[in-house]
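>>> I'll drop the sequence and a predicted model, then ask my questions.
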Amino acid sequence: MTSSVKCAILTVSDRCSRGETEDKSGPAIRNLLIKSSGSSNSSVFTVVKEDCVPDEANIIEDKLREWCKPDSIVNVVLTTGGTGFAPRDVTPEATLRVVDKTCPAITTAMTEASLRVTPLAMLSRSVSGIKNSTLIVNLPGSVKGATECLQVVLPCLPHASDLLADRLTTVQQTHMAMSRSNDLPRSKVSNFKAMDRERVSPWPMIAMDDAVKIVLDSAQTLETVVLPLSEVLGHVTSCEVRSTDNLPPFRASVKDGYAVHTSSGTGEFKVVSALTAGCAPDLAPDIRLKECVRVNTGGPVPPGADAVVQVEDTKLISVDDAGDELIVRILTQAQKDQDIRPIGCDIAEGELVLPAHTPIRSAEHGILASVGATSVSVFRKPVVAVLSTGNELVPAGEKLVPGTVRDSNMTTLRSLLIENGFAAYDMGIAEDTPDVMLRELRRSLTVADVVVTTGSVSMGEKDFLKNIITLDLGGDIKFGRVNMKPGKPTTFAVVRYNGKDKLVFSLPGNPVSATVMAHLVVLPALKKMSGHPKPFPATVSAIVDFDVKLDDRPEYRRTILDFSYEDGCARAKSTGTQMSSRLLSWRNANALLVLPSKKDKPDGILPKGTRVEALVVEKL
Ligand SMILES: Nc1nc2c(c(=O)[nH]1)N[C@H]1C(S)=C(S)[C@@H](COP(=O)(O)OP(=O)(O)OC[C@H]3O[C@@H](n4cnc5c(N)ncnc54)[C@H](O)[C@@H]3O)O[C@H]1N2
Ligand code: MOO
Ligand SMILES: [Mg+2]
């Protein structure tokens, strides 16, 4: 299906039309059109007219009318220049005088794309519209702006031209192609039948430790970004942060009481002033023998004082007519520096407060606030796309019809990711058809750094994902089976997409398997990419509180760790039947017991009271 798009380019510029400046935008538009010929649905762009006019509305209007006559061969007029706020910018006004219909969506698409590049795009007043059978699109005047905007609208120009020229056959062909597969090539496995599948999995079953190592080796720490203080919670610092001030920045009192000089001893003291929090320290006069200044916790201590006596160690002797303290008795002999925090005793100026690779939790966020950080250099966090697969799935909240189950993986996995501070797109449910799966995978790869799918990775006739990843996406599957339970067919791949390496975790469909694997491989990868120094869950030792029946595979069994025993040792409680489909085995669980294969234990039982390692995956 070939569309021929005949274009006219109108440069609008006073200086170019007078020959004072070389017109670079018109030729840049021409080059881009020619370069794009054949790449977009095999469309051919030809430039049939070019001109340059001054910023005069009447002249622009006349030229547009000439090129957009009813019998014009021009399909698209691209203007460049005269769309801004300068007094002589009138291209949009001239265009609006000419067009019969406006095309605001074209302008919106360009504006949206330009805003991603610069907020100055707000200052473009471009319009687009149709005159007879010709589309007019105003592009900005700069080479960069004009070509960036043209790139946005270019894919639509062939179809727009066909529609305007009433070229029915090509229009129909485009519509058919779009309805077939949203314009995407078909999957190479779309014709696979049940008999085509392997009888024995070709994927070696690797050990869980190796799987974790492979994932962490592939998960590269992302680039750094500088974020305002208000947005850094949950990120990891990429550079060290040092304090620019002392904290406290002045000698501060630790107690509510009286600042004195220790040489004054005890007895009656004249209260010469009061320094409350927020007062400058030198607001009080220098204290002399048997004088004191009333001070508050955290407030400044006056320059002449070398100790603070807490109010409890004093007695009020007299007040003046206004009720203000005049004389107090100091009951105890103060020691030098008593209850004074010296300048910089909490944080010294220049002190390292956060090294690089520090996760910013509430405390670290507060430290940053206390040292006056306004923006912080952190690692970017990966964006995740979650995709469920399965013809049997209906979205959460929907009624079941025979043969269906609700999609719980989407909710569990997205919640887990969000709980851990990662943005996770809901990419919906892909039906078990290779073309649809491929299309949805591509959509996911387009928007995210990491794609997490569930289902379709085992031995079933609809388990297409591994083949789609390798054959259609050219992905490098690092492993396709892991010797563990639950989550054996977990598949991990690196897929080069749009020039970037994206991680794809294809987790098993079984809800428990998907969630266990999300904890064991997905979250550690995301944490590593975000710069976390320890991305894998911590382990504790626990005593099993029940007889554990071992499986053929090493198992990661959901458990509730209970620390309420007097001996201080954690007890691992059972969460009931551990079938991979039973999500209730996760209820209240906070850890995964790391259990050996029964091959390593002849009777297949770990008796109650045995010490076992547990991975802490939730707050204890
Ligand atoms: N012949 C063999 N069969 C199976 C093997 C095997 O080695 N040989 N492995 C089993 C293991 S272990 C697992 S785990 C599962 C994994 O299956 P798939 O990843 O291919 O997943 P599906 O077949 O699509 O679905 C399995 C199960 O999960 C339910 N499911 C799927 N998605 C969701 C969702 N989003 N929310 C809730 N439930 C979901 C689905 O309905 C199925 O019940 O394969 C074994 N088979
Ligand atoms: O590995 Mo599967 O998750 O055991 O059921
Ligand atoms: Mg399956």
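Sure thing, it's come through. Bear in mind the structure is a predicted one, so any value in this text is a computation, not a measurement. Ligands and ions are numbered 1, 2, ... in the order given.
>>> is the residue of the stretch 201-350 of the chain found nearest ligand 2 in a bridge, and if so with what?
Scanning the stretch 201-350 of the chain for the residue nearest ligand 2 gives residue 205, at 10.7 Å (criterion: C-beta to the nearest ligand atom). (C-beta placed from N, C-alpha, C; glycine too.) Residue 205 has these beta-bridge partners by DSSP bridges: residue 481.
>>> which ones are touching residue 187?
Residues near residue 187 by C-beta atoms under 8 Å, 6 or more residues apart in numbering: 434-435, 437-438, 464, 468, 471-472.
>>> State the number of residues packed around the spatially closest residue to it that is not a sequence neighbour.
Closest residue to residue 187 apart from its sequence neighbours, by C-beta to C-beta, 6 or more residues apart in numbering: residue 434 at 3.5 Å. As a burial measure, residue 434 scores 23 neighbours (other C-beta atoms under 10 Å).
>>> Can you give me the distance of residue 434 to ligand 2?
23 Å (C-beta to the nearest ligand atom, to the nearest Å).
>>> Let me know the pLDDT of that residue.
The per-residue pLDDT reported for residue 434 equals 95.
>>> Kindly provide the distance from it to residue 462.
In this view, residue 434 and residue 462 are 9 Å apart by C-beta to C-beta, to the nearest Å.
>>> Tell me which two of the contacts of residue 187 sit farthest apart.
Of all pairs drawn from the contacts of residue 187, the greatest distance, 12.9 Å, lies between 435 and 471 (C-beta to C-beta).
>>> more crowded one of those two?
It is residue 435, of residue 435 and residue 471, that has more neighbours when counted by other C-beta under 10 Å, with 20 against 16.
>>> my guess is the more buried one meets residue 190, correct?
Yes: between residue 435 and residue 190 there is a contact under C-beta atoms under 8 Å: 5.4 Å.
>>> near ligand 1, which residues of the stretch 151-300 of the chain show up?
Within the stretch 151-300 of the chain, not a single residue sits near ligand 1 (C-beta under 6 Å from any ligand atom).
>>> Can you name the residue of the stretch 151-300 of the chain nearest to ligand 1?
Counting by C-beta to the nearest ligand atom, the stretch 151-300 of the chain gets nearest ligand 1 through residue 201, at 6.5 Å.
>>> That residue: how many residues sit nearby?
15.
>>> Contact residues of this structure facing ligand 3?
458, 460, 463 (C-beta under 5 Å from the ion).
>>> Mind doing that once more with 8 Å?
Applying C-beta under 8 Å from the ion, we find that the chain lies next to ligand 3 at 455-460, 462-463, 489, 508-509.
>>> Which of those has the largest number of neighbours?
Busiest of the residues of the chain next to ligand 3 [other C-beta under 10 Å] is residue 455, holding 29 neighbours.
>>> can you pull the contacts of it?
388-390, 393, 409, 465, 508-509.
>>> got CSV for the residues you listed, with distance to residue 239 too?
What follows is the contacts of residue 455, written out as CSV (distance: C-beta to C-beta, whole Å):
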residue, distance to residue 239
388, 39
389, 41
390, 45
393, 45
409, 38
465, 40
508, 40
509, 42
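>>> Just those residues: which are in helices?
409, 465 (DSSP state H).
>>> Among the contacts of residue 455, find me the one that's closest to residue 428.
Out of those, the member with the shortest distance to residue 428 (by C-beta to C-beta) is residue 388, at 7.2 Å.
>>> residues of stretch 535-552 that come out buried?
535-537, 540, 542-545, 548, 550-551 (16 or more other C-beta atoms under 10 Å).
>>> So for that stretch, mean pLDDT?
97.
>>> okay, it in PDB with CA atoms only?
Taking C-alpha atoms only, stretch 535-552 is exported to PDB below (Å, rounded to 0.1, in the frame of the first residue of the first chain):
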ATOM      1  CA  PRO A 535      18.900  -5.200  46.900                       C
ATOM      2  CA  PHE A 536      18.300  -8.700  48.200                       C
ATOM      3  CA  PRO A 537      16.100  -9.400  51.200                       C
ATOM      4  CA  ALA A 538      17.800  -9.800  54.500                       C
ATOM      5  CA  THR A 539      17.900 -13.200  56.200                       C
ATOM      6  CA  VAL A 540      17.200 -14.100  59.800                       C
ATOM      7  CA  SER A 541      17.400 -17.400  61.600                       C
ATOM      8  CA  ALA A 542      14.000 -18.900  62.800                       C
ATOM      9  CA  ILE A 543      12.800 -22.000  64.600                       C
ATOM     10  CA  VAL A 544      10.100 -23.800  62.600                       C
ATOM     11  CA  ASP A 545       7.000 -24.200  64.700                       C
ATOM     12  CA  PHE A 546       5.600 -27.100  62.900                       C
ATOM     13  CA  ASP A 547       6.800 -30.300  61.100                       C
ATOM     14  CA  VAL A 548       7.800 -29.100  57.600                       C
ATOM     15  CA  LYS A 549       7.200 -31.500  54.700                       C
ATOM     16  CA  LEU A 550       9.900 -31.000  52.100                       C
ATOM     17  CA  ASP A 551       9.300 -30.800  48.300                       C
ATOM     18  CA  ASP A 552      11.400 -32.300  45.500                       C
END
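>>> That one near ligand 1 anywhere?
No: Stretch 535-552 lies out of reach of ligand 1 by C-beta under 6 Å from any ligand atom, never closer than 10.9 Å.
>>> And the protein, split by domain according to the record?
Domains of the chain are assigned by automatic domain parsing as 4-173, 206-221+382-529, 224-246+346-379, 252-341, 539-616.
>>> With distance to residue 195 added, can I get these in TSV?
Putting the domains of the chain into TSV (distance: least, C-beta to C-beta, whole Å) gives the following:
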stretch	distance to residue 195
domain 4-173	35
domain 206-221+382-529	9
domain 224-246+346-379	48
domain 252-341	79
domain 539-616	27
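>>> Follow the chain on from the helix or strand where residue 225 lies and name the next helix or strand.
Assessed by DSSP states H and E, residue 225 sits inside strand 224-228. As assigned by DSSP H and E, the chain's next helix or strand after strand 224-228 is strand 241-242.
>>> That following strand pairs with which strands, and in what direction?
Short version: by DSSP bridges, strand 241-242 pairs with strand 352-354 (antiparallel).
>>> which residues does the residue in the stretch 301-450 of the chain positioned nearest to ligand 3 contact?
With C-beta to the ion as the measure, residue 390 is the residue of the stretch 301-450 of the chain nearest to ligand 3, at 8.5 Å. The contact partners of residue 390, by C-beta under 8 Å, 6+ apart, come to 407, 429, 431-432, 455-456, 509.
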